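> The amino acid sequence is not available; the structure is as follows:
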Ligand code: CP
Ligand code: NVA
């Protein structure tokens, strides 16, 4: 975890959930709930990005992040401009620091999807406008803000509850672990030994008093849980697809695993899903699944994240 990078005034970068205080995460979730409830009849004061432009840079493909940020920016009265990492040869044509300095002269914020987390931090360090993490190989905090919103809509306050992650230790899991430390809920993680969370993340979780329970057996990890979470077995940038498939086969979320969890459990997946691999159709399309609520909630959560990044409150 890097030391939070500050900006002048009320503005803030949104890089990782571990950088936020519990009250800040709560503040964002409350704002998201309020602005979601009045999406079709927004208040004049909701146009918190009026006169502001945000650059969106994608080094990797995206459906949800791209569209939900674009719509969030428009609905808050701002403008967005999209470029791909390829077009600007990000990190190749010039240093990330110079890209940050130039972008800060053109736009009021930068939302970026970039695999190398160190490059995200480098960008934030040299930008004079808020930088928002739209996924790195290390974390996906916007996704988990939407997931926290979704959990609480279905199950009530998450503090003191239990969520169960089944599969690979990836970027989404890291943001979940950071959220669990900040909001005080239990996270059980069932992975094969070869794909367990990295020691520095486990150490961070322990130091930050997260109730992180590392397990091997998916059935034990989901028993009685409030929420079962899966994600792709092969994430963007992974090069060992065949090995992962072999290791993760016993970690498929299917009807038998949801039965082991119990009827109280909801099922989450950030999407895109590989149907028939990490999750079966019967679970993804079944009554416990909330995956499309998660996708919708990206829009509402990101509006509240943008408001927070500019020191604004969604009243
Ligand atoms: N969940 C998510 O971030 O989806 P995209 O990769 O489509 O943006
Ligand atoms: N873990 C996945 C999430 C995609 C939104 C990946 O990084 O590819």
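Nice, I can see it. Source: prediction; values computed, not measured. Residues are numbered from 1 along each chain as shown. Ligands and ions are numbered 1, 2, ... in the order given.
> which stretches of the stretch 151-300 of the chain form helices?
In the stretch 151-300 of the chain, the helices defined using DSSP state H, counting those that start in this stretch lie at 171-183, 199-207, 218-222, 241-248, 255-261, 281-284, 291-309.
> Reformat these as TSV; add mean pLDDT, mean neighbour count and distance to ligand 2.
In short, each C-beta sits where N, CA and C put it, glycine included. Output for the helices of the stretch 151-300 of the chain, formatted as TSV (pLDDT from 0 to 100; neighbours: other C-beta atoms under 10 Å; distance: least, C-beta to the nearest ligand atom, whole Å):
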stretch	mean pLDDT	mean neighbour count	distance to ligand 2
helix 171-183	98	25	5
helix 199-207	98	14	15
helix 218-222	98	21	18
helix 241-248	98	15	12
helix 255-261	98	18	19
helix 281-284	98	17	15
helix 291-309	98	23	10
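> mind putting those in a markdown table, distance to residue 66 included?
Shown next, in a markdown table, are the helices of the stretch 151-300 of the chain (distance: least, C-beta to C-beta, whole Å):
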| stretch | distance to residue 66 |
| --- | --- |
| helix 171-183 | 17 |
| helix 199-207 | 27 |
| helix 218-222 | 32 |
| helix 241-248 | 24 |
| helix 255-261 | 31 |
| helix 281-284 | 22 |
| helix 291-309 | 10 |
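> for these, which one sits closest to ligand 1?
helix 291-309 (7.1 Å; C-beta to the nearest ligand atom).
> Minimum distance to ligand 2, which residue of the stretch 201-315 of the chain gives it?
For the stretch 201-315 of the chain, C-beta to the nearest ligand atom, closest residue to ligand 2: residue 235, 3.4 Å.
> I'd assumed residue 167 was in contact with that residue.
No: using C-beta atoms under 8 Å, residue 235 is not in contact with residue 167; the gap is 10.3 Å.
> neighbour-wise, which of these two wins?
residue 167 (28 against 17; other C-beta atoms under 10 Å).
> Torsion angles phi and psi at that one?
With angles defined as degrees, to the nearest 10, residue 167 sits at phi 130, psi -130.
> which parts of stretch 108-123 are buried?
108-117, 119-123 (16 or more other C-beta atoms under 10 Å).
> Spell out which parts of the chain neighbour ligand 1.
Residues of the chain lying close to ligand 1 by C-beta under 6 Å from any ligand atom are 62, 63, 64, 65, 135, 143, 270, 271, 272.
> Now do stretch 240-254: distance to the chain's middle.
Chain-centre distance of stretch 240-254: 22 Å, with C-alpha atoms, centre = their mean, to the nearest Å.
> Thank you, goodbye.
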